[in-house]
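S.K.: Got a predicted structure plus its sequence, pasted below:
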Amino acid sequence: GAVVSQHPSWVICKSGTSVKIECRSLDFQATTMFWYRQFPKQSLMLMATSNEGSKATYEQGVEKDKFLINHASLTLSTLTVTSAHPEDSSFYICSARVGPENSPLHFGNGTRLTVT
Amino acid sequence: RKEVEQDPGPFNVPEGATVAFNCTYSNSASQSFFWYRQDCRKEPKLLMSVYSSGNEDGRFTAQLNRASQYISLLIRDSKLSDSATYLCAVIKIYNTDKLIFGTGTRLQVFP
């Protein structure tokens, strides 16, 4: 069964608005979660590492003021896309690791964001 | 050079065929390797981890070649349901914890 739950599955919003995406670990505590983005026909690109109780670590080229990450509890991380623009339309997927550092990631079902 | 590279395909094969994909990685310090399967408009799902000695899970066999820095996935007796994109993923350096993905190889199995 799923170990990571993501909500919403899809969202359509108008340009300039903000969208919040939730990622929950089910039946385990995740001190670290990872947020990826995937554009059509491209691979998953790591956006940021979400750390419980501390600031997220962003990958080069990802604007931390635009993609706000909050990891306030051991089972919930949120990604807020602020002032969304059409070029932010993408598939956003969170993930977490059940096990040590070298174990694989398990992904949420993803959120398809369309900004009109 | 990309950190993780795959032939995007598509690989079009008939049912019952054997097909193999390779994936190369650039960082020799990479520690852990995985194959994921991604169906259209869905999240990736872990197919299998790749161990140094090679490993098999049913019709799927994964191998690691550290000297040449590539991993491979072999699918035997292809089924229609194997049609998907296969992504390889590498933990770049042990203590950074980050999983880096290739662009994926598209497989289409036809009747």
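M.R.: Yes, it's here.
S.K.: chain center to stretch A:21-41, what's the gap?
M.R.: The chain centre lies 5 Å from the centre of stretch A:21-41; the measure is C-alpha atoms, centre = their mean, to the nearest Å.
S.K.: separation between the closest residue to B:Ser68 other than its chain neighbours and B:Val90?
M.R.: Nearest non-adjacent residue to B:Ser68, counting by C-beta to C-beta, 6 or more residues apart in numbering or on different chains: B:Thr24, 7.9 Å away. For the C-beta atoms, the positions are set from N, CA and C on the backbone; glycine is no exception. Separation of B:Thr24 from B:Val90 (C-beta to C-beta, to the nearest Å): 10 Å.
S.K.: Between the two, which contacts overlap?
M.R.: B:Val4 (C-beta atoms under 8 Å, 6 or more residues apart in numbering or on different chains).
S.K.: Check which helices and strands the helix or strand bottoming out on mean pLDDT in chain B sits against.
M.R.: Least confident helix or strand, chain B: strand B:99-101 with a mean of 92, by mean pLDDT, DSSP states H and E. Applying 3 or more C-beta pairs under 8 Å, 6 or more residues apart in numbering or on different chains; DSSP states H and E, one finds that strand B:99-101 contacts strand A:45-51, strand B:84-91.
S.K.: Apply 7 Å and report the result again.
M.R.: strand B:84-91 (3 or more C-beta pairs under 7 Å, 6 or more residues apart in numbering or on different chains; DSSP states H and E).
S.K.: any idea whether A:Glu87 is helix, strand or coil?
M.R.: helix (DSSP: H, G, I helix; E, B strand; the rest coil).
S.K.: which is the next helix or strand following the least confident helix or strand of chain B?
M.R.: Per DSSP states H and E, the first helix or strand lying C-terminal to strand B:99-101 is strand B:105-110.
S.K.: Does chain B have contacts with stretch A:62-77?
M.R.: No - judged by C-beta under 7 Å from any C-beta of the partner chain, stretch A:62-77 makes no contact with chain B; its nearest approach is 13.1 Å.
S.K.: Now that stretch: average pLDDT?
M.R.: In this model, stretch A:62-77 has an average pLDDT of 93.
S.K.: Name the surrounding residues that touch that stretch.
M.R.: Residues outside stretch A:62-77 that contact it (C-beta atoms under 7 Å, 6 or more residues apart in numbering or on different chains) are A:22-25, A:29-31, A:33, A:35, A:47-48, A:50-52, A:56, A:58, A:78-82, A:94.
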